[in-house]
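Colleague: Turn this into a model:
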Amino acid sequence: MTNNPIPFDPQQEAFLNALSQEIKVLAREFGFADCGITGVDLGEHPAYLKKWLAAGYEGGMQWMHNHLDKRCDPTLLEPGTLAVITLRMDYLPPETEAVKVLANSEKAYVSRYAVGRDYHKLIRKRLGHMAKRINQYLDDHPDFKEAFPDFQSRAFTDSAPILERALAQRGGLGWIGKNCMLITPKAGSWFFLGEIYLNLPLPADPPFTKDHCGQCSACHTACPTNAFVADGVLDAKRCISYLTIEHKGSIPEELRPLIGNRIFGCDDCQLVCPWNRFAKTTQEQDFHPRHQLDSADLVDLFNWDEATFLKNTEGSPLRRTGYINWLRNLAVALGNAPSSTKVIQALKARLEHPDPVVREHVIWALTQHQEPPATAE
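Modeller: Numbers count the residues shown, from 1 in each chain. Have a look, this model is predicted:
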């Protein structure tokens, strides 16, 4: 992405202001709930990230060290970038009954962002269409097209080394709360983020500087594994979302009982956040539950063979964990479930699974039900 020096004059400034407003209209047209524009200075966020990584809180996510310079400086990821459009899309499905599912130990809890289709393709496609419309806006104003002849843009959604929440905070969408989530007073934190990097000197919106968490620490109190080591500091190695999605291999035994029935991700810190009483349910059908993943029985999911898993998770965020870790997570949840014949039978049917990680967690689960795994290694 390249950019030629642009002599600024009042007409161009007025045009860029008008374009910024048009971008926000386009954002609504393409299903985004909010839109902000920021420059490339990420303020204090890069220093925070480096300190967090130095403390080892990333666990096995060593990829977070990769391209750290690009993560901290948008102009290194996409040379010529002068502004970043940051956008919010709500994902909370209607009538999720999340608390009710969490309270039923026979049910599987899937993080609400993952019960529908994968958001990456949908959001990236919308962002691409927005970028085309911005280019069209320039084409429709030939006098100004001459001043910005080499317009280029690139769209992202959790798909490159980007500090998304930092950009959103700098673009005025919200503050990063004690639970490390971006929170907006308008709609809480149940939303996805996406960005468009572009080489236009758009005027930046004021950053969101006020922290509205106040004295509230409900998120820290609610965290099942005490993963928060300080306000806004998460030790991923203890976080259920990390353990059930990103972590490979065995889950630390002392954390397994604390995971409960959460088989993919964890929403507890969002469920108790007072600001989420303002959350808006999504209008996107793609984010509505599929295959009853918002309230499925643990045993039913554990009985899926790999072909069924691949079929039912096609186009789903659940694919990220893989089939082996899917069984691992479910074995832990079944170990925490009430004892019953169907639970014991389901676990025993996996005792001779070829993967040692699955076998280990099945044995642990049976032990929780005081069932000696006689046929295991």
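Colleague: all helices for the stretch 201-350 of the chain, in order.
Modeller: Using DSSP state H, counting those that start in this stretch, the helices assigned to the stretch 201-350 of the chain run over residues 218-222, 240-241, 256-259, 268-271, 298-302, 306-312, 322-335, 341-348.
Colleague: Take those and write them to CSV, including mean neighbour count and mean pLDDT.
Modeller: Backbone N, C-alpha and C define where each C-beta goes, glycine included. Below are the helices of the stretch 201-350 of the chain laid out as CSV (neighbours: other CB atoms under 10 Å; pLDDT from 0 to 100):
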stretch, mean neighbour count, mean pLDDT
helix 218-222, 17, 98
helix 240-241, 23, 98
helix 256-259, 18, 98
helix 268-271, 23, 98
helix 298-302, 22, 98
helix 306-312, 13, 96
helix 322-335, 24, 98
helix 341-348, 17, 97
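Colleague: Turn those helices into TSV, including distance to G43.
Modeller: Shown next, in TSV, are the helices of the stretch 201-350 of the chain (distance: least, CB to CB, whole Å):
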stretch	distance to G43
helix 218-222	23
helix 240-241	26
helix 256-259	35
helix 268-271	24
helix 298-302	43
helix 306-312	42
helix 322-335	36
helix 341-348	50
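Colleague: Let me know which of those helices is the nearest to K107.
Modeller: Smallest distance to K107 across these (CB to CB): 6.7 Å, for helix 298-302.
Colleague: Show me what that closest one is packed up against.
Modeller: Packing contacts for helix 298-302, counted by 3 or more CB pairs under 8 Å, 6 or more residues apart in numbering; DSSP states H and E, involve helix 322-335, helix 341-348.
Colleague: Off-centre distance for the helix or strand bottoming out on mean pLDDT in the chain?
Modeller: Scoring the helices and strands of the chain by mean pLDDT, DSSP states H and E places helix 142-145 at the bottom, with a mean of 85. Distance of helix 142-145 from the chain centroid (CA atoms, centre = their mean, to the nearest Å) equals 39 Å.
Colleague: how close does the residue nearest to L330 when sequence neighbours are not counted sit to Q345?
Modeller: Among residues not flanking L330 along the chain, F302 sits closest, at 4.3 Å (CB to CB, 6 or more residues apart in numbering). Here the criterion is CB to CB, to the nearest Å. By it, F302 lies 11 Å from Q345.
Colleague: now do P79
Modeller: Using CB to CB, we find P79 at a distance of 59 Å from Q345.
Colleague: Could you do Q285 as well?
Modeller: Q285 sits 37 Å away from Q345, going by CB to CB.
Colleague: again, but for S159
Modeller: According to CB to CB, S159 and Q345 sit 42 Å apart.
Colleague: residues in contact with T157?
Modeller: Contact analysis of T157 by CB atoms under 8 Å, 6 or more residues apart in numbering lists 119-120, 123-124, 127, 192-195.
Colleague: Local confidence estimate at it?
Modeller: In this model, T157 is scored at 91, pLDDT.
Colleague: ok, now how distant is it from I176?
Modeller: Noted for T157: a distance of 18 Å to I176, by CB to CB.
Colleague: that older thread, report the buried members of the contacts of T157.
Modeller: Among these, those buried by neighbour count (16 or more other CB atoms under 10 Å) are 119-120, 123-124, 127, 192-195.
Colleague: Right, I'll call it a day here.
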